[in-house]
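**Student:** Let me see the structure of the following:
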Amino acid sequence: MRSDSVKKGIHKAPHRSLLYAAGVSKEGLKMPFIGIASSFSDLVPGHAGMRDLERQIEKGIHSGGGQSFIFGVPAVCDGIAMGHCGMKYSLPSRDLIADCVETVAQAHQLDGLVLLTNCDKITPGMLIAALRLDIPCIVVTAGPMMDGCSKNEVLTMIRGSFEAIGKLSAGKITEQRLHEMEEECCPSAGSCQGLYTANTMACLTEVMGMSLPFCATASAVSSKKKQIAFESGMRVVELVKQDIKPSSIITRDALRNAIITDLALGGSTNSILHLLAIANSGGIKITLDDFDELSYKIPQIIKLDPSALPTMTDLHNAGGIPGVLKTLYGNTDEMKDTKGVSGFKISEIAKHAWVDNTIVHTLDNPITSNPGLGILKGNLAKDGAVIKISGVDPSALTFEGIAKVFNSEEATMEAIDKDEIKEGDVVVICYEGPKGGPGMREMLAPTSMLVGKGLGAKVALITDGRFSGGTRGLCVGHICPEAAMGGIIGLIKNGDKIKIDIPKRSIELLVSDEELKQRRENFIAPEPKEVNGYLAKYAKIVQSANSGAVTL
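**Tutor:** This is a model prediction of the structure:
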């Protein structure tokens with residue numbers, strides 16, 4: 001065992017004495033050392049219920065013959081961090097989490113890990129660490145929260161808060177109704193109810209085989225989730241005994257299976273960043289070209305909040321991810337028969353699954369022939385940009401409009417609030433990319449305001465920043481190169497025409513090459529944003545979004 005290097009032999013007497021001080025018994029020293037990387041936090045509703053899951057995982061580890069050790073890692077709630085400087089720390093926290101897990105596991109030579117996670121950047125951060133370490137690991141995502149309800153109106157966090165603000169601003173609801181909705185839209189611990197980033201990544205983690213069946217969709221407050229936590233604790237000990245490592249689970253085929261499912265689900269655009277970064281950490285060749293290639297082959301077969309009324313609860317009741325795999329596997333040549341930490345292959349999971357095809361449509365009866373996500377390219381994004389096609393009104397799949405340019409989210413919000421954004425505008429938000437932000441903030445607040453005002457299909461928003469999984473509307477993000485790296489997006493002027501053609505996967509600034517050349521020659525970049533501490537270090541080493549915004 002790896003842990004023998006801290007517990008066996010005469011020269012390890014000091015190490016054993018410290019382990020005894022931590023409560024480890026002589027019998028415990030003989031067992032595999034299993035870390036529980038817990039992202040529990042009272043600050044994050046998706047993680048507030050993790051204490052119970054920690055206990056269940058501990059019980060499972062000890063029942064399986066292992067010695068468990070809990071250690072903490074940071075967790076950021078994107079919803080609370082949204083709309084202010086805190087969001088600059090959200091994406092950078094992914095790499096910080098990976099560093100934390102790697103550091104603790106290596107420093108103490110743990111034999112295996114249970115990665116207890118849930119929200120947006122924590123899950124990919126832990127998967128990055130798993131591949132870096134390449135020791136037996138299993139992921140437990142803590143699960144979605146219960147659906148909200150106020151006056152018999154089913155609510156989710158997005159519909160009951162962010163979009164409700166836009167409705168208030170447009171005079172569609174009263175301030176009293178806003179407060180009623182905000183109090184009832186998040187009724188329990190768990191990740192927010194729709195197919196936002198947290199739940200998208202939980203689903204893809206299950207598809208890749210790094211968590212047990214139904215882990216992604218089982219409610220955070222359910223007994224099913226507790227059972228999965230216990231079984232995951234048991235299972236990780238077996239993974240250690242069999243020396244089954246993440247590198248044998250997260251393969252190129254497994255990552256492409258995740259992309260296929262992502263396209264079928266219409267998941268968060270953030271998943272593209274994270275899957276690219278996960279691939280990078282494992283030395284696996286996955287690029288935006290894989291997303292683009294598969295997007296022409298995989299239609300969207302599920303539509304959940306924020307693009308429709310059904311939630312993760314409905315997906316779970318319709319068969320969960322096993323039901324999705326039953327629908328996809330064998331019906332498209334692109335999905336391969338990979339094996340996960342459960343010990344079962346996708347074919348075996350699919351064989352025994354049940355699915356409700358009123359929620360999970362079949363491939364020959366999709367919700368739309370379009371995929372859930374798309375990669376756009378053109379003179380405005382020569383290295384690519386991403387769009388959540390599932391969140392776009394069919395009437396807006398092609399759009400040509402007039403640019404209104406802003407250099408920050410705050411300036412954009414002020415303009416939207418003052419009704420300065422009109423039908424036919426293309427809102428352009430620059431200098432919010434990985435380096436320019438720094439930190440690549442999510443633009444959920446402006447997109448939700450536009451939807452709440454009834455402009456979701458009448459206004460486009462493009463940015464070198466990114467979007468929440470809760471975003472809907474005609475929103476193009478991850479534009480590469482970003483403005484801070486000399487991208488064309490930084491040369492756009494008010495009044496320029498921009499054309500977005502989703503069926504052709506293109507985004508073009510309708511300005512001549514000669515004009516753009518002149519603008520670049522006369523260009524004066526704005527002063528870099530003053531940052532220090534972690535963000536200053538991050539800005540120096542972070543790479544472009546089309547590489548997953550990895551740090552090297």
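**Student:** Would you point out which residue is most central in this protein?
**Tutor:** What sits nearest the mean C-alpha location of the chain, by CA atoms, centre = their mean, is residue 197, with 3.4 Å.
**Student:** so that residue sits right up against residue 76, yeah?
**Tutor:** No - using CB atoms under 8 Å, residue 197 is not in contact with residue 76, being 11.6 Å away. For every residue, glycine as well, the C-beta is placed using N, CA and C.
**Student:** Buried residues of the lengthiest helix in the chain, list them for me.
**Tutor:** When the chain is parsed with DSSP state H, its longest helix is helix 223-242. If you call a residue buried by 16 or more other CB atoms under 10 Å, then helix 223-242 has these buried ones: 224-226, 228-241.
**Student:** if we can go back for a sec, got any residues that touch both of residue 197 and residue 76?
**Tutor:** By CB atoms under 8 Å, 6 or more residues apart in numbering, residue 197 and residue 76 have these common neighbours: 119-120.
**Student:** Name the nearest residue to residue 185, sequence neighbours excluded.
**Tutor:** Nearest-residue entry for residue 185: residue 160, 2.6 Å, with adjacent residues in sequence omitted and distances by CB to CB, 6 or more residues apart in numbering.
**Student:** Around that neighbour, how many other residues sit close by?
**Tutor:** When neighbours are defined as other CB atoms under 10 Å, residue 160 has 23 of them.
**Student:** Residue 419 too?
**Tutor:** 10.
**Student:** and it, that's in a helix?
**Tutor:** No - going by DSSP: H, G, I helix; E, B strand; the rest coil, the assignment for residue 419 is coil, not a helix.
**Student:** What's the separation between it and residue 462?
**Tutor:** Taken as CB to CB, to the nearest Å, the spacing of residue 419 relative to residue 462 amounts to 20 Å.
**Student:** ok, back up a step: work out the gap between the longest helix of the chain and the centre of the chain.
**Tutor:** 24 Å (CA atoms, centre = their mean, to the nearest Å).
**Student:** now stretch 417-431
**Tutor:** Using CA atoms, centre = their mean, the offset of stretch 417-431 from its chain centre is 26 Å.
**Student:** What helices and strands are in contact with the helix or strand of the chain with the lowest mean pLDDT?
**Tutor:** Sorting the helices and strands of the chain by mean pLDDT, DSSP states H and E puts helix 444-452 at the bottom, at a mean of 87. In this structure, helix 444-452 packs against helix 163-169, helix 409-417, strand 425-429, strand 460-463, with contacts taken as 3 or more CB pairs under 8 Å, 6 or more residues apart in numbering; DSSP states H and E.
**Student:** hang on, the earlier thing: mind checking the SS state of the residue nearest to residue 185?
**Tutor:** helix.
**Student:** residues touching it, list them.
**Tutor:** Contacts of residue 160 (CB under 8 Å, 6+ apart): 148, 150, 181-182, 184-186.
**Student:** Columns distance to residue 118 and neighbour count on top of those residues, output as a markdown table?
**Tutor:** Below are those laid out as a markdown table (distance: CB to CB, whole Å; neighbours: other CB atoms under 10 Å):
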| residue | distance to residue 118 | neighbour count |
| --- | --- | --- |
| 148 | 18 | 24 |
| 150 | 24 | 16 |
| 181 | 24 | 23 |
| 182 | 21 | 18 |
| 184 | 21 | 15 |
| 185 | 18 | 25 |
| 186 | 14 | 21 |
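**Student:** Serialize those to CSV and add fields for secondary structure, distance to residue 5 and pLDDT.
**Tutor:** Shown next, in CSV, are the contacts of residue 160 (DSSP: H, G, I helix; E, B strand; the rest coil; distance: CB to CB, whole Å; pLDDT from 0 to 100):
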residue, secondary structure, distance to residue 5, pLDDT
148, strand, 50, 96
150, strand, 56, 96
181, helix, 55, 96
182, helix, 52, 96
184, helix, 53, 96
185, coil, 50, 96
186, coil, 45, 96
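**Student:** Check those residues and tell me the two furthest apart.
**Tutor:** 150 and 186 (11.3 Å; CB to CB).
**Student:** ok, which stretches of this structure are strands?
**Tutor:** 33-38, 67-72, 112-117, 137-141, 148-150, 153-155, 374-378, 381-387, 398-406, 425-429, 460-463, 474-477, 497-501, 506-509 (DSSP state E).
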